[in-house]
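J.: generate coordinates for the sequence data below:
(chains A and B)
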Amino acid sequence: MTEVVATNQTILVVGGGISGMTAALEAAECGKEVVLIEKNPALGGRVSQLYRYFPKLCHPTCGLEINQRRVKQNKRIRVLTMAEVTGITGAPGDYTASVKIAPRYVNENCTACGDCGDAAETTVDDAFNYNMGKVKAAYLPSRMAYPQRYVVDPVVIGTPEADKIKAACKYDAVDLSMQEETVQVKAGAVVWATGWKPYDANKIQPYGYDRFANVITSVEFERLSDPHGPTGGKILRPSDGKEARNVAFIQCAGSRDENHLRHCSRICCMASLKQTNYVREAFGDEGKSTIYYIDIRAIDRFEDFYQKVQADPNVKFIKSKVARILEDKEGNPVLHGVDTEGYHRYATPYDLVVLAVGMEPSVSAANIPAEIVSDSSGFIEQDQANGAIFGAGCAANPLDVNRAVQSATASALRAIQVINRVARAEG
Amino acid sequence: MADMKVAAYICQGCGLGERLDTANLAKVAQKEGKAQVVKEHPFLCNAEGVAMIRNDIDNDAVTHVMIAACSRRAKTEAFGFSDVAVSRANLREGVIWIRPDDEESRETTQEMADDYVRMGCAEVKKMKLPGGNPEAATNRRVLVVGGGISGMTAALEASKAGYQVVLVEKAATLGGWAAKLYKRSPSHSPYADPQDTGVDAMIAAIEADSNITVYTNAITSKTEGAPGRFKIEISQESGPTTTEEVGSIIQATGFTLYDANNLPELGYGKSPNVMDQAGLEALAKVANGGPIKRPSDGGEVKSVVFVQCAGQRDETGKHLPYCSGSCCLTSVKQAMYFKDANPDVDTVVIYTDLRMPGNGEDFYRSGQNKGVTFTKGKVSTVEATGNTCKVNFHDLILNDQTAIENADIVVLATGQVANSGVDVDAKLKADIAAAAGDNSLLDAWNAAQTEGAVKPISVLNLAYRQGPDVPQLKYGFTDSHFICFPYETRRTGIYSAGPVRRPMDIIQATEDATGAAMKAIQAVENAAVGRAAHPRSGDLSFPSVRREGCTQCKRCTVECPFGAIDEDEQRYPLFNESRCRRCGTCMGACPVRVISFENYSVDTVGSQIKAVDVPDEFSEKPRILILACENDAYPALDMAAMNKEVYSAWVRVIPVRCLGSVNTIWITDALNSGYDGVMMMGCKHGDDYQCHFVKGSELASYRMSKVGDTLQGMGLETERVQTFEAAITDIERLPKLINEYADKISALPPNPFKGF
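T.: This next block holds a predicted model:
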């Protein structure tokens, strides 16, 4: 049974992406006790799956390393992975959360030596690479994974392969008898930082994400461009493995659309501008990018980045909401629509189309097991009625990393205000 | 102090026992490392292994622990003994995982492991357990400079957490920019209508809050000290100068609207009917929900044009190059002032990109529903004649030069200019530009130095060696350019919030100020226990200087990226420990090596370098020292090991806090000890720097550019010392770089200093 020591002066942080880690660390580095809950087997969240950040084109793992080091050495943070909050009862200053922990089948004896992975034969979809590759059924979620501990996929449990995996471990770290369990965690305040998920591109029917192999999403393109992704960083299109030298980016794929997401997802313009750099990085002057957009939202000094990309003769901007995508005989997606600057129709083939899909909350406020006020897209609004449950990062708004960290830092203070009030009341 | 007792623990798990002769490692630890306790263990990181070490500390008076096992990045918690000095010899990621498992490699692999054990023992003996800063300062009050929405939010939020606040506002009343607004854009669903600014309620809350002391008509005329012990002189207009003591500072000095007088082509100054956004707010306040009158004659307003990006996103170099991120929202809101009072008024927003992210989209939609017209175009001129204006613009949809005649009011959406004070790096930036052939900044700087020139006015008036204000990033904003760590300024314990940091709207400013309040209270809690702030948060060590050796050369005071070091009356460096971020740049800068940390010093690294057993010149076994930044290069090497990349057995890697902490004595020591080459791996520097200490890697590269002279003086080839930029993702690249470098060094004759 997992033991969690927590009191009504503990801050419960739900979600271990950049926002949750930030909220947990800022509070703990202020002397508060924190329990950090993450659904996946490792911390890091969606940013750890990005190849580069805009506008510096630096690598997200660089900041993740620092944050992980802060977590490792801070004894005030208790991390629970593969865990989800299923219920919250109580009131500000006195909550109890039910936390369901899925079996990892590997305990803290694991040294990440890799022997179990060598022993496993079955492969499963690689969630870290948006299922674009496979991993062994005993795997480390990523090279940067923290906790640095293997996971045995449930698919092999009960098979002879599981016994083989267990036998391969010299350190008694594989525990096939682990069961799902639910623990109760006390908390004075809750920071809800469950982040975002990419909008389901299948729902944008005219773009044929479900029908055309060479129409992919921006998050998938991120993994394709990463040298440590499924293609080793080669931008190869899924249908035939051909180099995708001529790439179209479609902005507001699902965003700013009352049939899909009402809101603007804020990051997609900058993400596509950044991704044109990947095309250039891979193919030099042979790499061509075209961005179909409504407005380019390169706010504040991001404008510099936009201007730099605009100056690149290999990047074209077309103000147009693409009407639909068809496929030609060679498997090239063909974009149809009207260029609103001059009003002419186009039917242009590309090697690959990237849908800049919008952000929606990973856990819509309606599905949070507590009464939460939300906006029309399911993001948590700041409201007294939420008690001491505070939204942070992309659970509260579609935000870029910088702003998500600000939001998380602010939410840590809001939680501390409650904890300090409890502490004063208890003398 | 108790006697030093060194214990060495050698793990045999994860293949170490099979690949290495651990008995020999134990012998090395005992004979050469002089460890008094030496133990091998089959699985050191498990509960029993950890308990064994714990027991030796508790019951056998062990004070220094050397753990020869995996990388210091692995099993950090298990081996996190906080009451003794601990060093880690990286035998797993650093040796067996990067060497082939074959007979031929066995000897060189073992030599590598032997050396890492020697180095681990040598390092730990030079380490002291940090005792904590004796000058820990415990003032927990927060100073907020600026009483607009950002400053008031920061003050109220810090107070709600139980902290006392001193709030200083330059104007006679609180409220700042927001107080000038008729209404603000919405902060809640359904994001359809302008809402009350809330300023009056905030002012009332501040006045009612016994935790908050307010000074109006006041400026911070002097700021001295450090986190936990700042002393602030507050000067009030025609009033007394008061001194307040605080523990941390939030600078929320906001913005000034870009001066529309710079835009005569857009009709500003030619007619009262052409105004900036502040001008329209003033009219709306007077109208108070009724119809807004035409300023020139009080006539009825039938047509209003909003010119977006007026003097912004400018590519000519004359105006603001950036986007202020809030003006689109404001113009839509202002158009609603007219539409809500009278739907028949024509309101046209002329824009190039409408930038209303998030739920701003709902507000935009609401504007459309209310009949506001949005036209994609670029305004070229505004002709103001009589009571109306003609707005000439290029329609970007029709690709047509066209005009709106008879506009009664034209509103120019000029942007936000940060009230950030003096650019303390102006001279440095000018020098760098001049070195690259651009003299414009230097000319401007020189002109500003002449007598009678208008000098920028400082906000904080910091009595710091490195200048009176927080360093600026770009375009006058005080942001840090960290993506992951937006609050980390280069002045510890001083945080900026709101539009002084980057252009922003009220929703963002509120959130930003709340986060800044979080950092401010964290800073005072850290200072109270002498604990470092980000990124080495929790580090209790601090730099100390051996004064008798100091030559007062000032390099440390100049180079510290965080302005932590002042000079005392005798011109010795004066460390302000709670400003220090423990990067060690001062230590790297010191030519006489008198600066050290308890757990990281010229000795802890130097003794490791000297502990390596350098084979003689006939052995054909070169030795290469790698000094790798622990933040990026070292993790990349660990991950290369996880991938089982192979690299040369000639190298010995020492992680450093930052390349900025590398003292050139380590290089000359290495070469004098017979190493054949030295590689340094640090983070990218320049505009898009990735150095976690901002300037560390840049300073290192500058220092190392001079190493060539030293090498020539020693009669050595310049290739023997090289600096490489390394990112944490260079997992395949670094092993390749190492191998190429090893080949290059192998091709050179052996270092002639071997054996001396």
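J.: okay, and the beta partners of residue A:106?
T.: Beta-bridge partners for residue A:106, by DSSP bridges, are residue A:174.
J.: quick one: contacts for it?
T.: Listed by CB atoms under 8 Å, 6 or more residues apart in numbering or on different chains, the contact set of residue A:106 reads A:116, A:138, A:149-152, A:173-175. For every residue, glycine as well, the C-beta is placed using N, CA and C.
J.: report the buried members of the residues you listed.
T.: Among the contacts of residue A:106, those classed as buried by 16 or more other CB atoms under 10 Å in any protein chain shown are A:116, A:138, A:149-152, A:173-175.
J.: flag every residue of the stretch 451-600 of chain B that's near chain A.
T.: Within reach of chain A by CB under 8 Å from any CB of the partner chain, the stretch 451-600 of chain B has these residues: B:474-475, B:477, B:481-487, B:502-504, B:508, B:511-512, B:514-515, B:517-519, B:521-522, B:525-526, B:534-535, B:537-538.
J.: mind redoing it with 7 Å?
T.: Neighbours of chain A within the stretch 451-600 of chain B, by CB under 7 Å from any CB of the partner chain: B:474-475, B:483-487, B:502-503, B:511-512, B:514-515, B:517-519, B:521-522, B:525, B:535, B:537-538.
J.: among the residues you listed, the buried ones, what's the ChimeraX command?
T.: Selection command for ChimeraX covering only the buried members of these, criterion 16+ other CB under 10 Å:
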select /B:475,483,484,485,486,487,502,503,511,512,514,515,517,518,519,521,522,525,535,537,538
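J.: restricted to helices, list the residues of the stretch 451-600 of chain B next to chain A.
T.: Among these, the ones falling in helices (DSSP state H) are B:511-512, B:514-515, B:517-519, B:521-522, B:525.
J.: so which residues on the stretch 101-250 of chain A come close to chain B?
T.: A:109, A:111-113, A:143, A:148, A:171, A:228.
J.: so which of those residues wins on neighbours?
T.: residue A:111 (27 neighbours; other CB atoms under 10 Å in any protein chain shown).
J.: I figured that residue was touching residue B:42, is that so?
T.: No: using CB atoms under 7 Å, residue A:111 makes no contact with residue B:42, being 11.7 Å away.
J.: overlap in contacts of those two?
T.: Residues touching both residue A:111 and residue B:42 (CB atoms under 7 Å, 6 or more residues apart in numbering or on different chains) are residue B:13.
J.: reformat the ones in helices among the residues of the stretch 451-600 of chain B next to chain A as a markdown table; add pLDDT and distance to residue B:113.
T.: Listed next are those as a markdown table, based on pLDDT from 0 to 100; distance: CB to CB, whole Å:
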| residue | pLDDT | distance to residue B:113 |
| --- | --- | --- |
| B:511 | 97 | 51 |
| B:512 | 97 | 50 |
| B:514 | 98 | 51 |
| B:515 | 98 | 46 |
| B:517 | 98 | 50 |
| B:518 | 98 | 45 |
| B:519 | 98 | 43 |
| B:521 | 98 | 47 |
| B:522 | 97 | 41 |
| B:525 | 95 | 42 |
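J.: burial count for residue B:399?
T.: As a burial measure, residue B:399 scores 10 neighbours (other CB under 10 Å).
J.: and for the closest residue to chain A within the stretch 351-500 of chain B, nearest residue in space, chain neighbours not counted?
T.: Nearest residue of the stretch 351-500 of chain B to chain A: residue B:484, at 3.0 Å (CB to the nearest CB). Nearest residue to residue B:484 in three dimensions, chain neighbours excluded: residue A:63, at 3.0 Å (CB to CB, 6 or more residues apart in numbering or on different chains).
J.: any idea which helix or strand comes after the helix or strand harbouring that neighbour?
T.: Per DSSP states H and E: residue A:63 is located in helix A:60-73. Heading C-terminal from helix A:60-73, the first helix or strand you meet, by DSSP H and E, is strand A:77-80.
J.: residue B:46: what's it in contact with?
T.: A:109, A:171.
J.: and the residue nearest to residue B:484, how many residues sit next to it?
T.: When counting by other CB under 10 Å, one arrives at 27 neighbours for residue A:63.
J.: for residue B:17, see how far away it is.
T.: 36 Å (CB to CB, to the nearest Å).
J.: between the two ends of stretch B:252-272, how far is it?
T.: Using CA to CA, to the nearest Å, one end of stretch B:252-272 lies 32 Å from the other.
J.: that one - what's its average pLDDT?
T.: Taken as a whole, stretch B:252-272 carries a mean pLDDT of 97.
J.: what does it contact?
T.: Contacts for stretch B:252-272 (CB under 7 Å, 6+ apart): B:144-146, B:148, B:150-151, B:154, B:176-177, B:274, B:276-278, B:295-296, B:307, B:310-311, B:319-320, B:379, B:381-384, B:389, B:410, B:412, B:414-419, B:459, B:497-500, B:513.
J.: just the ones of those residues in helices?
T.: Among the contacts of stretch B:252-272, the members found in helices (DSSP H) are B:150-151, B:154, B:277-278, B:513.
J.: in the stretch 251-400 of chain A, which spans are helices?
T.: A:268-283, A:302-310 (DSSP state H, counting those that start in this stretch).
J.: deepest-packed of those helices, please.
T.: helix A:268-283 (a mean of 23; mean count of other CB atoms under 10 Å in any protein chain shown).
J.: show me what that helix is packed up against.
T.: helix A:218-225, strand A:246-253, strand A:288-293, helix A:302-310, strand A:352-357 (3 or more CB pairs under 7 Å, 6 or more residues apart in numbering or on different chains; DSSP states H and E).
J.: is the last one in proximity to chain B?
T.: No: counting by CB under 7 Å from any CB, chain B has no neighbours in strand A:352-357; the shortest distance is 13.5 Å.
J.: now do the SS call for residue B:428.
T.: Classification of residue B:428 by DSSP: H, G, I helix; E, B strand; the rest coil places it in helix.
J.: for it, give me the pLDDT.
T.: Value listed for residue B:428 in the pLDDT field: 78.
J.: please apply the same query to residue B:456.
T.: Note on residue B:456: pLDDT of 83.
J.: can you check the one 5 residues further on too?
T.: The per-residue pLDDT reported for residue B:461 equals 97.
J.: that one contacts residue B:230, doesn't it?
T.: No: using CB under 7 Å, residue B:461 is not in contact with residue B:230, being 11.9 Å away.
J.: so which residues on the stretch 1-150 of chain B come close to chain A?
T.: So far as CB under 7 Å from any CB goes, the stretch 1-150 of chain B lies against chain A at B:13-15, B:43, B:45-46, B:74, B:76-77, B:80.
J.: swap in 8 Å and give it another go.
T.: B:13-15, B:43, B:45-46, B:70, B:73-77, B:80.
J.: is it possible to get JSON lines of these that adds secondary structure?
T.: Output for those, formatted as JSON lines (three-state DSSP):
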{"residue": "B:13", "secondary structure": "coil"}
{"residue": "B:14", "secondary structure": "coil"}
{"residue": "B:15", "secondary structure": "coil"}
{"residue": "B:43", "secondary structure": "coil"}
{"residue": "B:45", "secondary structure": "coil"}
{"residue": "B:46", "secondary structure": "coil"}
{"residue": "B:70", "secondary structure": "coil"}
{"residue": "B:73", "secondary structure": "coil"}
{"residue": "B:74", "secondary structure": "coil"}
{"residue": "B:75", "secondary structure": "coil"}
{"residue": "B:76", "secondary structure": "coil"}
{"residue": "B:77", "secondary structure": "coil"}
{"residue": "B:80", "secondary structure": "coil"}
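J.: tell me the one of these nearest residue B:559?
T.: Taking CB to CB as the measure, residue B:559 sits nearest to residue B:73 out of the residues of the stretch 1-150 of chain B next to chain A, at 28.1 Å.
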